[in-house]
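Asks: Task: produce atomic coordinates for the following.
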Amino acid sequence: MVTTIFPTWPHILFAVIEPLTLIGGWLCPILDLHGFITNQIPTSTSFPNPSDVHIDPTSFALAYQLANLYGLLAVLGAGVVHATSEPKVLRNYLVALAIADVGHIYVTYLAMGWDVFSNVRGWNVLTWGNIGVTGFLFVNRLLYFAGAFGYAQSPTWEARKMEKRG
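Replies: Next comes the predicted model:
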């Protein structure tokens, strides 16, 4: 049976939904490498049609390497969340991810520029993943740190709590 020491919502989000989105990030360049590369920034009239864009081998390599990292994060995240019995491990894992969330959104912003970044109605699916989903995860990490959903409880702490009741 799959277990976690997270409360319910953080378990659903960080142990189920987030690894699934990372698998999606892993699959996207595998299924449509050209589209994955050309759609990182929403298309506007100032850019050529993505299907007309020539992509150099370095971009292909970087996209596949990014796919590999998404796959690694999915497996690593599911493994850490489901295997640890230490609340500090989960907290430190979420701190590392929160820092990476900020970096991910920031580099996406740098690539897009303010006009495209702030035009939410013009975002495509990849932009929603890079900014929207990442931002949602970041806000939920902050809420978890603030105790909005409760905190991870080690099995030994739960056992002591049950003894006091019994």
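Asks: Only C-alpha atoms from now on, for both contacts and neighbour counts.
Replies: Fine.
Asks: tally of neighbours for T21?
Replies: Counted with other Cα atoms under 10 Å, residues neighbouring T21 total 16.
Asks: In which helix or strand does it reside?
Replies: Of the helices and strands defined by DSSP states H and E, T21 is found in helix 18-31.
Asks: Just the mean pLDDT for that helix, thanks.
Replies: In this model, helix 18-31 has an average pLDDT of 95.
Asks: which strands and helices sit next to that helix?
Replies: On a contact count with 3 or more Cα pairs under 8 Å, 6 or more residues apart in numbering; DSSP states H and E, helix 18-31 meets helix 33-38, helix 57-83.
Asks: Okay, buried residues for it please.
Replies: Residues of helix 18-31 classed as buried: E18, P19, L20, T21, L22, I23, G24, G25, W26, L27, C28, P29 (neighbour count, 16 or more other Cα atoms under 10 Å).
Asks: Output those as CSV; include the columns distance to T58.
Replies: Listed next are these as CSV, based on distance: Cα to Cα, whole Å:
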residue, distance to T58
E18, 28
P19, 27
L20, 27
T21, 25
L22, 23
I23, 23
G24, 22
G25, 19
W26, 18
L27, 19
C28, 18
P29, 14
